[in-house]
Each structure stands twice: as structure tokens, then as C-alpha cells.
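**Student:** 3D model of this:
(one chain, ligands or ions: 1)
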Amino acid sequence: MVDINRIRIEPSIINTSCAWASELAQLEDLYKSPYTGAVTTRTATLGGFAEDSSHAVVFGSTSASTLNSYGYSPHPLSSYIKWTHAILSRDTQSKPLIISITSNSASELVQMVEDVQKLRQRLGDSVKDIPSRVAIELNTSCPNIRGKPPPAYSFTTLLPILGVLTRAYRTDRTLTIGLKLAPYVASFQFEEVVKSIATSSYDLEDGNRANPFAFLTCTNTVGNSLLFVHQTTSSLAIGNGADMYALGPVLGGLAGEPIHALSLGNVFSFARLLENHEDKAVRMIKLIGVGGVVDKQGVERMRKVGAAVVGCATLLGREGVKGFEKLA
Ligand SMILES: Cc1cc2nc3c(=O)[nH]c(=O)nc-3n(C[C@H](O)[C@H](O)[C@H](O)COP(=O)(O)O)c2cc1C
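**Tutor:** The predicted model follows:
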């Protein structure tokens, strides 16, 4: 069991945001499974993302891997709010839903956070001393949005957006907030992220310190990756394949076994920086480790390098919700 700010995750294995956590029925199946300790929704925007046939996923044929060109969910945040309410109001277990959201606009994000907070009020979720069942994850790292590189790669540009979340937390500290990060490849990148996040810490009246960000989810897919059609299994492929390249737009986000080593390295690097940080509030930030976890050994490796919670997406896409049983 892992407590992250006000949410409780038991078992400490979850699905991460993905195309297989997009519809109400998919979220209900994930929620019902005793092998998931929380359910993360696909990333929602305020108005819904214009999805077309260029947005697709293919499965690798020689490893448990995926390449996808999806943007965000076609369903707007209001759908996920309605569905989260439907799931949680008929269930009394403490299992949380993590609502993944994104926006480049501070004013739009204010609206989105307010909408989530209204949902939490309707669910009686802001009561101190009982676990919360709704958290927010800000996706900063989708590699597939044309003309908009993931802000996670120039983290300081995110500061106005992070300011919105900081203000929301300072108003209501029962709100659990996390950041979905990109895979990084150089040590200065990890340092820049932690330095930026640390600027949001503040002193509490009782002398303690608080930081609005309760968790970091590492990592998203590796962008600008390419697979040829013959490297994929067409029987599992969804959407629009081109003649030669597996995805219509050619490039996409790689996930699954080929990124496992990089994701482990990211979790390891963040764990070291967080646990040695001079600010106690930064030391409290937990890591959700994701990337290429497809079996128990992968879960163990993620835990060893510092993940409090372990997540997966490609396994869910390949095997459905029953895939989680083998991680238990
Ligand atoms: C088809 C697909 C769609 C995804 N969509 C999202 C998304 O909407 N938001 C997000 O934060 N991550 C998204 N991801 C990234 C996953 O949450 C995860 O970070 C990544 O796939 C690495 O984990 P894995 O190796 O277990 O797949 C998606 C991944 C896949 C494969």
C-alpha cells in the first residue's frame, strides 16, 4: 500500500494514461480489477482532441512494444468527469482515479482544475482524514502533437502552468497532483526538472514545508521513433498503416520493452535527486515508474530503482486488464 498525498494505492500497480483507458467501459474494467490499485484515464483536454485516421498504434512483432501516433483523447474532460463520478459514486472502495489532463493555456487549465474540484466536492472527496479518490496528473510529455514539442523538454516554459496547479493545491491541500514526464537522456535535464519543481515549495503555518506535486510519473513514450511494417504484428495493429512504415505519420512514440532500460534510468536518476534534496517537501515526492514493465521482474526492477508505484500501458494494450494478474 502506498499513500501519495491523499490518495491510497493498493496494490501499488496501476495502468498509466493510454488509449486503452479512453472509454467508460475500459475504465470500469480497470477499476473492477483487484490487480490495479488505481486507474489512470487517457489524457483529456478541455474540449476534446480532433482524432483522425493518422492517429494509431501498432504492436512490435519481436518484443512487447508499441509505437503510437495518438494525440490526446477525443473525449473532453467533461466526459471523464462524468464517468469518474459514475464509477466512484457506485463504489465505496478507496481505489482512486487519476484524471490525466493537459493544456498549454494557464486560463484553460484553471477551468479544468476547477471542474475536477467541483467533481471532488460532489463526491465528498475533499474531507481531511479520509483518503481521496480523485487525483490530477498533468501530462507534459506527449511527443505526437504537431508543432508542439513536449513542454517537459523545456521545463522552465512550464512554470506558468505549474503555477496554476500550485495555487490550486495551496487552496486545497487534499488535492493530489502529479506530473507525467518525458524520458530524459542527460543529467542536466533531471536537475532542471527537480530545480523547477522545488521552486513551488512553501512554508506551512506549523513550520513544515509543502510542495504541490505529490508524484512524478516517469516515463512517457520515446518520441520520433520509427518502425517498418514488417517489424509489427498486423493482426494486432489498429488504425492506419502506410505501405512501408508502420504508422501513417511515420514517426511516433515508442513504448514497451525497448524503453525499459531508459525508463529505469529515469526513475533511478529522479529517485537520487529527490531523496538527497535539501527541501523536505521535495524529498516527499513519490515516483510512479512506467516504461516496458511487462512481467513481475520488471515490477521488481522499477521498485529497486525507486518507484513507489509501478505502471504500464503496452501490457494493457497487448493483454487487456488480465495482463495485470501476472504483475501481482
Ligand atoms: C497507445 C498509447 C497511448 C498513450 N496515451 C497516453 C496519454 O494519453 N497520456 C499519457 O500521459 N501517456 C500516454 N501514453 C504513454 C503511457 O502512459 C506510458 O507512459 C508509456 O507507454 C510507457 O509505458 P509502457 O512501456 O508500459 O507502454 C500512451 C501510450 C500508448 C502505448
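**Student:** I'd assumed V222 was in contact with G253.
**Tutor:** Yes. Applying CB atoms under 8 Å, one finds G253 in contact with V222, separated by 6.5 Å. (C-beta placed from N, C-alpha, C; glycine too.)
**Student:** so what sits against both of those two?
**Tutor:** Counting by CB atoms under 8 Å, 6 or more residues apart in numbering, the common neighbours of G253 and V222 are P143.
**Student:** Which one's more surrounded, those two?
**Tutor:** G253 (25 against 20; other CB atoms under 10 Å).
**Student:** Now do the SS call for the more buried one.
**Tutor:** For G253, the secondary-structure state derived from DSSP: H, G, I helix; E, B strand; the rest coil is strand.
**Student:** confidence score at it?
**Tutor:** With respect to pLDDT, G253 scores 98.
**Student:** tell me the contacts of it?
**Tutor:** G253 neighbours (CB under 8 Å, 6+ apart): 67-70, 142-144, 220-223, 225.
**Student:** Please produce JSON lines containing these, extended by distance to E257.
**Tutor:** Compiled in JSON lines, the contacts of G253 are given as follows (distance: CB to CB, whole Å):
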{"residue": "L67", "distance to E257": "12"}
{"residue": "N68", "distance to E257": "15"}
{"residue": "S69", "distance to E257": "19"}
{"residue": "Y70", "distance to E257": "20"}
{"residue": "C142", "distance to E257": "21"}
{"residue": "P143", "distance to E257": "18"}
{"residue": "N144", "distance to E257": "20"}
{"residue": "N220", "distance to E257": "16"}
{"residue": "T221", "distance to E257": "13"}
{"residue": "V222", "distance to E257": "12"}
{"residue": "G223", "distance to E257": "17"}
{"residue": "S225", "distance to E257": "13"}
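**Student:** Give me the subset of these that also touch the ligand.
**Tutor:** The subset of these within reach of the ligand, by CB under 6 Å from any ligand atom, is 68, 70, 220-221.
**Student:** Out of those residues, list just those in helices.
**Tutor:** Using DSSP state H, no member of those falls in helices.
**Student:** burial of the closest residue to the ligand within the stretch 151-300 of the chain, as a residue count?
**Tutor:** Closest approach between the stretch 151-300 of the chain and the ligand, counting by CB to the nearest ligand atom: A255, at 3.2 Å. Residues near A255, counting by other CB under 10 Å, number 32.
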